[in-house]
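**Q** Got a predicted structure plus its sequence, pasted below:
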Amino acid sequence: GDSVTQMEGPVTLSEEAFLTINCTYTATGYPSLFWYVQYPGEGLQLLLKATKADDKGSNKGFEATYRKETTSFHLEKGSVQVSDSAVYFCALSDPPSGSARQLTFGSGTQLTVLP
Amino acid sequence: GAVVSQHPSRVICKSGTSVKIECRSLDFQATTMFWYRQFPKQSLMLMATSNEGSKATYEQGVEKDKFLINHASLTLSTLTVTSAHPEDSSFYICSARRASGGDYEQYFGPGTRLTVT
């Protein structure tokens, strides 16, 4: 079945540091890939997505590129801020079309940014 | 936008009682809503998929008689935890998918924190 493997946390960085959170996936089809962010006590918010190979999703300074050859969708940000402290989830949706289109989530990575 | 609300945001109930959680899509119609459960510091576990006007599809290991799901309209799905026990304490999150327009994205609610004493 489908699965998502995320870099285990927690990750602690100083403000303005470079962030990478690794994500790899296994899927039977050709999935869409997502990064969600969850702030303390809240639900999930879509951060960015990519629907086909070599697509780059970006939002709020975060980027991730859909790499089919390495089955990866690593999240990066050049300069993190304290407000980026949250839990980040990598997820896939496979197949990309169809009535169910359920999401499979990774385990989540807790990011803490220190001032 | 695509806003999903949940009510209540927090609920504390006594063991043996039932609790209903509402999930509403505020500015769009949702043919499909999903219910997730999240334990502390863990990922989301899909409990069931709810389609408007039909029975919910439960994931393996989820008791359908304990977690009753009703998707009575295109903007409302409810999850009722029946005869709640302390082990049911968790963070319950719903998501909704638009009814049309080829938008398959799931929009998530803010979650409901259930504590069973």
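**A** Received it, and whenever you're ready, just let me know what you need. Numbers count the residues shown, from 1 in each chain, chains lettered A, B, ... in the order given.
**Q** Give me the sheet partners of the helix or strand bottoming out on mean pLDDT in chain A and which way each runs.
**A** Least confident helix or strand, chain A: strand A:103-105 with a mean of 89, by mean pLDDT, DSSP states H and E. Strand A:103-105 has these partner strands in its sheet, going by DSSP bridges: strand A:86-93 (antiparallel).
**Q** Return the distance of the strand it pairs with from the chain's centre.
**A** Averaging C-alpha coordinates over strand A:86-93 and over its chain gives two centres that are 4 Å apart (CA atoms, centre = their mean, to the nearest Å).
**Q** Show the average pLDDT along that strand.
**A** Averaged across strand A:86-93, pLDDT comes to 94.
**Q** Can you tell me what sits against it?
**A** A:2, A:4, A:6, A:21, A:23, A:25, A:27, A:31-40, A:44, A:47, A:73, A:75, A:101-106, A:108-111, B:43-44, B:104 (CB atoms under 8 Å, 6 or more residues apart in numbering or on different chains). The C-beta positions use only the backbone N, C-alpha and C, and glycine is treated the same way.
**Q** swap in stretch B:54-74?
**A** Where contact means CB under 8 Å, 6+ apart, the residues beyond stretch B:54-74 that reach it are B:25, B:29-31, B:33, B:35, B:45-53, B:77-83, B:88, B:99.
**Q** Ok, stretch A:69-77 next?
**A** So stretch A:69-77 is contacted by A:18-27, A:33, A:35, A:47, A:50, A:61-67, A:84, A:88, A:90 (CB under 8 Å, 6+ apart).
**Q** do the same with stretch A:48-60
**A** With contact meaning CB under 8 Å, 6+ apart, stretch A:48-60 is reached by A:30, A:32-35, A:47, A:62-68, A:73, A:96, B:105.
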